[in-house]
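Engineer: sequence first, then the predicted structure:
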Amino acid sequence: QVQLVESGGGLVQAGGSLRLSCAASGRTFSTCAMGWFRQAPGKEREFVAAISRSGRNTAYADSVKGRFTISRDNAKNTVYLQMNSLKPEDTAVYYCAAARAYDDRWYKEYDYWGQGTQVTVSS
């Protein structure tokens, strides 16, 4: 089992920045690929970014590419999502997810989920 706790959400003006954190406990963090997803009101949950267990391989949704950066610190059991140049359409609940990883690639399917943190971007 992996427990995930997100933090760092809040209200920010368009063009601003936020950094989300996700602290993991339980299963050895370095054996997990990690991802960030988001869900806006009335919409389905969507993929935002992913990172391999070493941190060497990453992937991003086209909508956030160039603005968001995913990273991880295996010594701190934490994954981050740095969000810059935020837009009102980035408003959503952001979820951290973990996948049991058998190789050093980013994953599309996840086994464990956090409770989410709200990000609101005002225009």
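Structural biologist: Yep, that arrived. The structure displayed is predicted, hence computed values, not measured ones.

Engineer: what sits against the most centrally placed residue in the chain?
Structural biologist: The residue lying closest to the centre of the chain (C-alpha atoms, centre = their mean) is Trp36, at 2.6 Å. Residues in contact with Trp36 (C-beta atoms under 8 Å, 6 or more residues apart in numbering) are Leu20, Cys22, Val48, Ala49, Ala50, Ile70, Val79, Leu81, Tyr94, Tyr95, Cys96, Ala97. For the C-beta atoms, the positions are set from N, CA and C on the backbone; glycine is no exception.

Engineer: where does the closest residue to the third one other than its chain neighbours land in three-state SS?
Structural biologist: In this case it means Val48. Leaving aside its chain neighbours, Val48 sits nearest to Trp36 (4.3 Å; criterion: C-beta to C-beta, 6 or more residues apart in numbering). When classified by DSSP: H, G, I helix; E, B strand; the rest coil, Trp36 comes out as strand.

Engineer: any idea of the pLDDT on Trp36?
Structural biologist: The score at Trp36 is 98. That number is its pLDDT.

Engineer: neighbours of Asp62, how many?
Structural biologist: Taking other C-beta atoms under 10 Å as the criterion, the count of residues near Asp62 is 6.

Engineer: Tyr60 bridge partners, please.
Structural biologist: Beta bridges link Tyr60 to Ala49, judged by DSSP bridges.

Engineer: okay, now it: neighbour count?
Structural biologist: For Tyr60, using other C-beta under 10 Å, the count is 18.

Engineer: compare the contacts of Trp36 and tell me which is most surrounded.
Structural biologist: Val79 (30 neighbours).

Engineer: sheet partners, orientation included, of the helix or strand containing that one?
Structural biologist: Remark: Val79 resides in strand 78-83, with elements defined by DSSP states H and E. Within its sheet, strand 78-83 is paired with strand 18-26 (antiparallel), strand 68-73 (antiparallel), according to DSSP bridges.
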